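K.L.:
only geometry, no sequence info:
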Ligand SMILES: [Zn+2]
């Protein structure tokens, strides 16, 4: 990005493996499972420690309030905590500005109190972000809610930028998708497709950009079927979770470790 980066790091390419920390939601907002996410979070901390990489965790502040100790532990080992809003069922894109500001400020304040760090990053629950102006006014310096792809019923961002840009004085750090086809390769795509698919997507991203930004959820790193769910989600939603994903992500990270620097979004942006 900047000339100074070339001096500081041996790597010209950068990988941001980001984690959206929220309760596992099975069927409705009344059916949330916190323990699966908590256990998965522990597995992830161990994995990243083992591989000696740093990551950004976007945390729903309601979850942080429930488990402040593990959130502090994440910070203490050098990862970044950012905000994933107050509750995961919130849709900031359709919320009244005054309401959105109230919840965004509350989430930031809660996380700052727990971590004793300045919280500067945001990723909207369900990627339904408020206007960038609102985020800036609440004190956020970057947003990573843009998934520049087309998923019927979810995202209609096929023509949005894949590179980082600044709007309303805030950095927009898009989630990575392969160029041209805009193929996503975060979480369920990473799990459902062969590993080769994610490698091809990663390599193609690193042709025209110097970063990859993908995301997972902690509950994907446990065997969700053992968690007493009242109703199992569709098969593709939980395929290759638990040990399978831990193993797969480890192979993926090890493959790129000699080729790229794994870091937090905050450090990548040099904020
Ligand atoms: Zn989320």
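P.N.:
Sure thing, it's come through. This structure is a prediction, so every number in the text was calculated from the model and none was measured. Numbers count the residues shown, from 1 in each chain.

K.L.:
all strands for this protein, in order.
P.N.:
14-21, 24-25, 32-33, 56-59, 80-83, 121-122, 142-143, 150-151, 155-156, 165-167, 170-172, 211-216, 261-262 (DSSP state E).

K.L.:
closest one to the ion among the ones you listed?
P.N.:
Evaluated over the strands of the chain, closeness to the ion peaks at strand 14-21, with 3.9 Å, by CB to the ion. C-betas here are computed from N, CA, C, even on glycine.

K.L.:
next one: that closest one to chain centre, how far?
P.N.:
Taking the mean of its C-alpha atoms, strand 14-21 sits 5 Å from the chain's own mean (CA atoms, centre = their mean, to the nearest Å).

K.L.:
name the spans of the stretch 51-200 of the chain whose pLDDT lies under the cut-off.
P.N.:
Residue ranges of the stretch 51-200 of the chain with pLDDT under 70: none are present.

K.L.:
now for whichever residue of the stretch 101-250 of the chain sits closest to the ion: which residues touch it?
P.N.:
Per CB to the ion, residue 125 is where the stretch 101-250 of the chain lies closest to the ion, at 5.0 Å. Contact analysis of residue 125 by CB atoms under 8 Å, 6 or more residues apart in numbering lists 22, 60, 84, 85, 87, 88, 89, 90, 91, 92.

K.L.:
rewinding a little: which one of the strands of the chain lies closest to residue 250?
P.N.:
Nearest to residue 250, of all the strands of the chain, is strand 14-21, at 11.1 Å by CB to CB.

K.L.:
name the helices or strands packed onto the closest one?
P.N.:
Applying 3 or more CB pairs under 8 Å, 6 or more residues apart in numbering; DSSP states H and E, one finds that strand 14-21 contacts helix 34-51, strand 56-59, strand 211-216, helix 243-256, strand 261-262, helix 265-269.

K.L.:
strand 211-216 and the fourth one, what's the angle between them?
P.N.:
This points to helix 243-256. 170 degrees (axes from the mean of the first three to the mean of the last three CA atoms, to 10 degrees).

K.L.:
from the contact counts, what lies against helix 243-256?
P.N.:
Contacts defined by 3+ CB pairs under 8 Å, 6+ apart place helix 243-256 against strand 14-21, helix 34-51, helix 187-192, helix 195-208.

K.L.:
on that earlier part again, now tabulate the strands of the chain in a markdown table and tack on distance to residue 253 and mean neighbour count.
P.N.:
Formatted as a markdown table, the strands of the chain follow (distance: least, CB to CB, whole Å; neighbours: other CB atoms under 10 Å):
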| stretch | distance to residue 253 | mean neighbour count |
| --- | --- | --- |
| strand 14-21 | 7 | 25 |
| strand 24-25 | 23 | 20 |
| strand 32-33 | 26 | 18 |
| strand 56-59 | 15 | 28 |
| strand 80-83 | 17 | 27 |
| strand 121-122 | 21 | 26 |
| strand 142-143 | 23 | 24 |
| strand 150-151 | 25 | 14 |
| strand 155-156 | 26 | 16 |
| strand 165-167 | 27 | 12 |
| strand 170-172 | 24 | 20 |
| strand 211-216 | 11 | 22 |
| strand 261-262 | 7 | 20 |
